[in-house]
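J.: Predicted structure and sequence below. I'll ask about it afterward.
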Amino acid sequence: MKQAIESYLEYLVSVKNSSPHTISNYGKDLRQFVDFLTPPGAVLPGLTAITHGIIREFVAHLHDQGLEKSSIARKLAALRSFFKYCVREGMLKESPARLVPTPKLPKRIPSILSAEEMNAFLNHLAEMGGSLPSKKNSSNKNSSKKNWPAIQAAALRSEPKLHEEGLLLRRDRALLELLYAAGLRVSELTGLDLADIEQKERMLRVTGKGNKERIVPYGGKAQEALEKYWPLREELLQQTSGGYASRRTTPHSEAVFLNYAGRRLTQRSVGRIVKKYVRLVNMNWDLHPHSLRHAFATHLLADGADLRAIQELLGHQSLSTTQKYAHASIRQLMDIYDKSHPHA
């Protein structure tokens with residue numbers, strides 16, 4: 001069975017082109033199932049010995065451990081996918097997981113910032129850009145504005161702390177604007193390469209789940225933020241790679257968003273960036289990168305965009321996934337009604 005699991009995980013990588021996050025989680029879930037089947041002194045049963053009753057016992061075991069229904073559902077999805085693979089490969093005649101019901105999950109409506117709140121947040125970041133020059137250069141206001149590229153380059157070389165304290169604001173504003181402007185998943189944002197951006201037409205070629213590509217437009221605010229970020233990006237790339245010739249051959253040279261070391265920004269880093277700026281603007285929000293994607297969809301829907309069009313922009317395979325934003329919009333309308341109507 002362990003060999004079958006390893007073959008399945010390899011199949012997810014090479015054939016399904018699943019995300020590293022999915023592969024990692026499914027691997028953990030399947031290994032947890034193996035651990036359940038092999039208590040101390042027990043021998044791991046073969047694939048053909050696994051019945052739907054055993055899988056039900058595993059689900060009950062997870063429930064007794066206090067796992068959330070959503071976590072149990074994901075582990076069951078991993079088992080279903082694995083056994084379906086085994087049937088397709090001729091290891092089993094039928095899947096023992098097909099008769100095991102999925103725990104009923106409550107419908108979750110995402111928490112959405114209003115368009116006004118999102119605009120205020122992003123506009124505040126744009127206003128913060130004026131305070132970027134370091135303290136060494138702040139005494140000469142005219143020269144700091146006039147010679148900003150030179151100041152920026154010197155600061156990048158001599159004051160690494162400024163990456164976190166100010167200089168990378170240009171990068172951070174660009175990525176936050178793009179997350180909201182195009183409704184990107186964080187993995188799609190960090191996976192963007194320079195070749196994926198058509199700046200003249202303001203279009204992105206986005207590689208989503210299952211390696212599916214889609215074309216997404218983005219707006220003028222995001223374009224403005226990107227244009228201010230490009231000089232900083234060049235400096236970040238140059239300082240880690242040396243000369244121009246070596247820059248072009250580095251594995252990160254095509255990435256749009258780079259960290260202070262000139263490497264492709266990670267998904268975890270984007271999450272930290274979002275939290276950081278929420279604190280900086282003193283907003284009491286539970287904001288994360290996916291919140292900007294939620295806001296993108298909800299605000300488009302509220303302004304009359306077609307649900308099918310939003311589905312295409314988000315890269316959702318099923319319309320039912322997109323429909324949750326309709327519920328979010330209705331909830332916002334009800335909140336406005338409750339606050340505004342005199343007889344509410």
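T.: Arrived safely.

J.: where does this structure have low pLDDT?
T.: Residue ranges of the chain with pLDDT under 70: 105-111, 129-167, 239-251, 282-284, 320-344.

J.: quick check: longest helix of it.
T.: Taking DSSP state H as the criterion, the chain has its longest helix at helix 220-241.

J.: Report the buried residues of that helix.
T.: The neighbour-count check on helix 220-241 (16 or more other C-beta atoms under 10 Å) flags 221-223, 225-226, 228-229, 232-233, 235-238, 240-241 as buried. (Glycine included, C-beta is placed from N, CA and C.)

J.: And for Gln32, the neighbour number?
T.: Gln32 has 15 neighbours, counted by other C-beta atoms under 10 Å.

J.: Tell me where the protein has strands.
T.: Ranges of strands in the chain, per DSSP state E, are 197-198, 203-207, 213-217.

J.: what sits up against the shortest one?
T.: Meaning strand 197-198. For strand 197-198, contacts defined as C-beta atoms under 8 Å, 6 or more residues apart in numbering pick out Met203, Leu204, Arg205, Leu226, Val256.

J.: Now do the third one: how many residues are near it, please.
T.: When neighbours are defined as other C-beta under 10 Å, Arg205 has 14 of them.

J.: Need the nearest residue in space to it, chain neighbours excluded.
T.: Nearest-residue entry for Arg205: Asp196, 4.5 Å, with adjacent residues in sequence omitted and distances by C-beta to C-beta, 6 or more residues apart in numbering.

J.: For that neighbour, which residues are in contact?
T.: Contacts here follow C-beta under 8 Å, 6+ apart; on that basis Asp196 touches Leu204, Arg205, Val206, Thr207, Val256.

J.: now do Pro103
T.: Taking C-beta under 8 Å, 6+ apart, we find Pro103 in contact with Val59, Lys69, Ile72, Ala73, Leu76.

J.: Can you tell me how far the third one is from Leu292?
T.: Using C-beta to C-beta, to the nearest Å, one gets 29 Å for the distance from Ile72 to Leu292.

J.: for the fourth one, same thing?
T.: Using C-beta to C-beta, one obtains 26 Å as the distance from Ala73 to Leu292.

J.: what do you get for the second one?
T.: Here Lys69 is placed at a distance of 27 Å from Leu292 (C-beta to C-beta).

J.: try Tyr11
T.: Tyr11 sits at a distance of 33 Å from Leu292 (criterion: C-beta to C-beta).

J.: The two: which is more packed in?
T.: Ranked by neighbour count (other C-beta under 10 Å), Tyr11 and Leu292 place Leu292 first, with 26 against 16.

J.: What residues of stretch 48-56 count as buried?
T.: Per 16+ other C-beta under 10 Å, stretch 48-56 contains these buried residues: Ile50, Ile54, Ile55.

J.: Let me know the closest of those to Arg80.
T.: Ile55 (9.2 Å; C-beta to C-beta).

J.: Would you mark the buried spots in stretch 65-81?
T.: Leu67, Ile72, Ala73, Arg74, Lys75, Leu76, Ala78, Leu79, Arg80, Ser81.

J.: cool, and stretch 176-193?
T.: For stretch 176-193, by 16+ other C-beta under 10 Å, it's 176-192.

J.: Give me the nearest residue to Gly208, chain neighbours excluded.
T.: In space, Gly208 is closest to Gly315, 3.9 Å off (C-beta to C-beta, 6+ apart).

J.: Give me the neighbour count for Phe257.
T.: Using other C-beta under 10 Å, Phe257 has 22 neighbouring residues.

J.: Look up the closest residue to it, ignoring the ones flanking it.
T.: Leaving aside its chain neighbours, Phe257 sits nearest to Leu265 (4.2 Å; criterion: C-beta to C-beta, 6+ apart).

J.: Return the backbone torsion pair for that neighbour.
T.: Dihedral pair for Leu265: phi -70, psi 140, per degrees, to the nearest 10.

J.: In contact with Leu37, which residues?
T.: Applying C-beta under 8 Å, 6+ apart, we find Leu37 in contact with Met1, Leu44, Pro45, Ile50, Ile54.

J.: Adding distance to Val100, write these out as TSV.
T.: Formatted as TSV, the contacts of Leu37 follow (distance: C-beta to C-beta, whole Å):
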residue	distance to Val100
Met1	18
Leu44	20
Pro45	17
Ile50	11
Ile54	10
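
J.: closest to Leu92 among the residues you listed?
T.: For the contacts of Leu37, the residue nearest Leu92 by C-beta to C-beta is Ile50; the value is 8.5 Å.
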